[in-house]
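I would like the atomic coordinates for the input below:
(chains A and B)
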2 protein chains.
Amino acid sequence: MTAGRDRLDRQLDFLLEIDQLKHITRASPIADGSRKENSGEHSWHLAMFALVLADEAGPGVSIDRVIRMLLIHDIVEIDAGDTPIHGTNIDLAAQARAEARAADRLFGMLPPDQAVALRALWEEFEAGETADARFAKALDRCQPPLLNLASGGGSWDDYNVTLDHIDTRVGKPARRGAPALWDRVRARIKPWFDART
Amino acid sequence: MTAGRDRLDRQLDFLLEIDQLKHITRASPIADGSRKENSGEHSWHLAMFALVLADEAGPGVSIDRVIRMLLIHDIVEIDAGDTPIHGTNIDLAAQARAEARAADRLFGMLPPDQAVALRALWEEFEAGETADARFAKALDRCQPPLLNLASGGGSWDDYNVTLDHIDTRVGKPARRGAPALWDRVRARIKPWFDART
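Predicted coordinates for the structure are as follows:
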């Protein structure tokens, strides 16, 4: 087997392995509330957010890099599971270790040059320090509230979430990467919380 | 309401509308065969194929444009439904008209500049004549056979498909955009057909 053949087989095996992201169930529903969203379709939806909401990105953001980042950002969940943002009693350090092991195994299935590149892109997203990662994280914070609202409550009801809690846990990182977008999302969801209290 | 506010509202309404792509059921299963794939998660998976299999693209292909094309390529199915590639008695002209109406309505929800740009990108994919579109279409042909094989038969059993039929209907457009990739996919699926006859 030549190196070329081996490279393509590794790539195809990786692409089949990540099919499992379609099994990872998230805390928030799809818009009509009929079921929970899975992390595969969530990753598509977020990439569409980046494509359509490019105007909301800060200076120096590469939308194509953000799209790539969002396509791979949840792949570690195949081994490490999803961590609901409104969940409690979550051991964040243990979760981070599980995700790092998942990244080793999953990205490690690829040819070495691609394994290194995608691992670095995922770590950049996780760190959330570059302009691209801040925008990607902001989109990842803005989409679930819109789905919860569309579905009539979703994970806000399941976790008994308040608008104060959202301002801290969701609004803060969202505003760091896309302040005007977060303000609009917050204006859309506020009446739901006002009506509940 | 300023033009800026209106623009963002149209973008958010479009992004919520396309959530319905998560309801469109395709003919092929996900890899473990437990259920059919939906067109939202399919679009994510294909974008990952483009990202990982960039080496297989012909000269002049922009992988980031291909990724954008694949993210939007099935959105018209929200109104027009999925057309199984191995289906029979399909009125292709009526399907094309339904898809054009769907593109008018769905992309038309966006601000005019984005509506024009995404409509043009979708039409480029459909026509399959540029290098980017040929590669995107080839990936869209290579993924379902890999999922059918992984699941033990999938839509090949449902539609009683032969390898000759695949060579014509799937292999020809796949080879036009990614010949070495198709040859590898065909080598992987051939033993399944050999075992059946």
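
where is the longest helix in chain A?
Identified as the longest helix of chain A according to DSSP state H is helix A:131-151.

what about A:Asp132, distance to B:Ala96?
38 Å (Cβ to Cβ, to the nearest Å). From N, CA and C alone the C-beta is placed, and that goes for glycine too.

re the thing from before, output the contacting helices and strands for whatever helix or strand comes next after the longest helix of chain A.
Going down the chain from helix A:131-151, the next helix or strand is helix A:155-159, by DSSP states H and E. Here helix A:155-159 touches strand A:25-29, helix A:131-151, going by 3 or more Cβ pairs under 8 Å, 6 or more residues apart in numbering or on different chains; DSSP states H and E.

in chain A, which spans are strands?
Secondary structure of chain A (DSSP state E): strands at A:25-29, A:36-38.

direction included, what does the shortest one pair up with?
Under the criterion DSSP bridges, strand A:36-38 sits next to strand A:25-29 (antiparallel) in its sheet.

tell me the contacts of the residue nearest to the spatial centre of chain A?
For chain A, the residue nearest the mean C-alpha position is A:Asp140 (4.7 Å; Cα atoms, centre = their mean). Applying Cβ atoms under 8 Å, 6 or more residues apart in numbering or on different chains, we find A:Asp140 in contact with A:Leu46, A:Leu70, A:His73.

cutoff 7 Å now
A:Leu46, A:His73 (Cβ atoms under 7 Å, 6 or more residues apart in numbering or on different chains).

how much space between it and A:Trp182?
A:Asp140 is 12 Å from A:Trp182, by Cβ to Cβ.

what do you get for A:Arg97?
For A:Arg97 relative to A:Trp182 (Cβ to Cβ), the value is 30 Å.

repeat that for A:Arg35.
27 Å.

tally of neighbours for A:Leu51?
Burial of A:Leu51 is recorded as 22 neighbouring residues (other Cβ atoms under 10 Å in any protein chain shown).

any idea how far B:Met69 is from it?
11 Å.

and A:Asp6, by the same measure?
For A:Asp6 relative to B:Met69 (Cβ to Cβ), the value is 29 Å.

kindly report the same for A:Ile67.
Computed as Cβ to Cβ, the A:Ile67 to B:Met69 distance reads 12 Å.

re the thing from before, which one of A:Asp132 and B:Ala96 is surrounded by more residues?
A:Asp132 (26 against 13).

so who does that one touch?
A:Asp132 neighbours (Cβ under 7 Å, 6+ apart): A:Val61, A:Ser62, A:Arg65, A:Val66, A:Met69.

what residues are up against the second one?
Right, the one you point to is A:Ser62. Taking Cβ under 7 Å, 6+ apart, one finds A:Asp132 in contact with A:Ser62.

same check, this time on the fourth one
Applying Cβ under 7 Å, 6+ apart, one finds that A:Val66 lies in contact with A:Ala50, A:Asp132, A:Phe135, A:Ala136.

quick one: low-confidence residue ranges for chain A.
The model of chain A has pLDDT under 70 over residues A:1-5.

residues from it in reach of chain B?
Proximity of chain A to chain B (Cβ under 7 Å from any Cβ of the partner chain) is limited to residues A:8, A:11-12, A:14-16, A:18-19, A:22, A:30-31, A:38, A:40-41, A:43-45, A:47-49, A:51-53, A:64, A:67-68, A:71, A:114, A:146, A:150, A:184.
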